[in-house]
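A.B. asks: Structural data only, the sequence is not supplied:
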């Protein structure tokens, strides 16, 4: 082992030893038999009136959302990501696991884990809010929106949306939908934003300006729900990292519903396929020998 590697290992060991008895944190802790502190407040006294979503937002941002903000955040989860359809990739895993009589928690956890997909799920959502902030920053520096979008769309960066294992994030995140150009979630989410009086934010307006420009540059790229989710949260001053934490559990409603439904079906009935349906033409079965 080289000296450099040895020094690095020594530093890592010192870091572990430093935190072996004390974990410094500003998040909170449990005082057994007394209370639970949560970002400087008592969970049992100061925060016990909060809704679940309010507590989630407080955990992420350190701020208790206003009632209309909480309504917006909950609506984003309900309208945008709570599809109880076992054909969807993350729901499918929870359905298959539960129908195979794994525990529902394992199936649901697996469904949430694979929600960090490249084309669908968390990563496109994060790419979208990064994109919106980046475009707004360039506009603030005096650049032209059309030029920004043309440069992105005509760039040589790889983009293989819809091409199997070679997929990569879209060049213009939040615009385009592989199955249908129509996103049925847009209107109800915009209606909710208007009801909560969050329909005139700067980033949301930017999203619509981008859509207008793309009608000329790339007409096939229609705004999808990721753009609205990201724009509405950006207008609430969420950072990209905070938005990532916010969406980390956003698919759980649909995943949970699919797991519950799968448990009511006969064991092993989801995606039934007999072994003889596989026509294998590779090497013959090997015989294991005792050494």
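C.D. replies: Structure's in. What do you need? Quick caveat, the model's predicted, so the values are computed rather than measured.
A.B. asks: Leaving out the residues flanking it, which one is nearest to residue 26?
C.D. replies: residue 39 (7.2 Å; Cβ to Cβ, 6 or more residues apart in numbering). In this view, the C-beta of every residue, glycine as well, is placed from N, C-alpha and C.
A.B. asks: give me the low-pLDDT residue ranges for the stretch 101-250 of the chain?
C.D. replies: 157-169 (pLDDT under 70).
A.B. asks: So which residues of it form strands?
C.D. replies: For the stretch 101-250 of the chain, strands defined by DSSP state E, counting those that start in this stretch do not occur.
A.B. asks: for it, what spans make up the helices?
C.D. replies: Secondary structure of the stretch 101-250 of the chain (DSSP state H, counting those that start in this stretch): helices at 104-113, 122-140, 145-153, 186-195, 202-217, 225-234, 240-247.
A.B. asks: hmm, back to that, my guess is the residue nearest to residue 26 contacts residue 29. True?
C.D. replies: No: using Cβ atoms under 8 Å, residue 39 is not in contact with residue 29, being 10.8 Å away.
A.B. asks: higher neighbour count, the two?
C.D. replies: Just comparing residue 39 and residue 29: by other Cβ atoms under 10 Å the higher neighbour count belongs to residue 39, 16 against 10.
A.B. asks: how close does the more buried one sit to residue 28?
C.D. replies: 6 Å (Cβ to Cβ, to the nearest Å).
A.B. asks: For residue 23, which of the helices of the stretch 101-250 of the chain is the nearest?
C.D. replies: helix 240-247 (19.7 Å; Cβ to Cβ).
A.B. asks: Okay, buried residues for that closest one please.
C.D. replies: Buried residues in helix 240-247, counted by 16 or more other Cβ atoms under 10 Å: 240, 242-244, 246-247.
A.B. asks: likewise stretch 200-214?
C.D. replies: 201, 203-204, 206-207, 210, 213-214.
A.B. asks: likewise stretch 135-146?
C.D. replies: Result for stretch 135-146 [16+ other Cβ under 10 Å]: buried residues 135, 145.
A.B. asks: And that stretch, end to end?
C.D. replies: End-to-end distance for stretch 135-146, by Cα to Cα, to the nearest Å: 11 Å.
A.B. asks: likewise stretch 220-238?
C.D. replies: 29 Å.
A.B. asks: same check, this time on stretch 12-30
C.D. replies: By Cα to Cα, one end of stretch 12-30 lies 28 Å from the other end.
A.B. asks: follow-up on the earlier one: name the nearest of the buried residues of stretch 200-214 relative to residue 156.
C.D. replies: residue 214 (19.3 Å).
A.B. asks: Residue 171 is in contact with that closest one, correct?
C.D. replies: No: with contact defined as Cβ under 8 Å, residue 214 does not count as touching residue 171 (11.3 Å).
A.B. asks: what residues are up against residue 65?
C.D. replies: For residue 65, the contacting residues are 53-54, 57-58, 73, by Cβ atoms under 8 Å, 6 or more residues apart in numbering.
A.B. asks: Would you tell me which one of those comes nearest to residue 256?
C.D. replies: Among the contacts of residue 65, and counting by Cβ to Cβ, the member closest to residue 256 is residue 53, at 15.6 Å.
A.B. asks: Many thanks, I have nothing further to ask.
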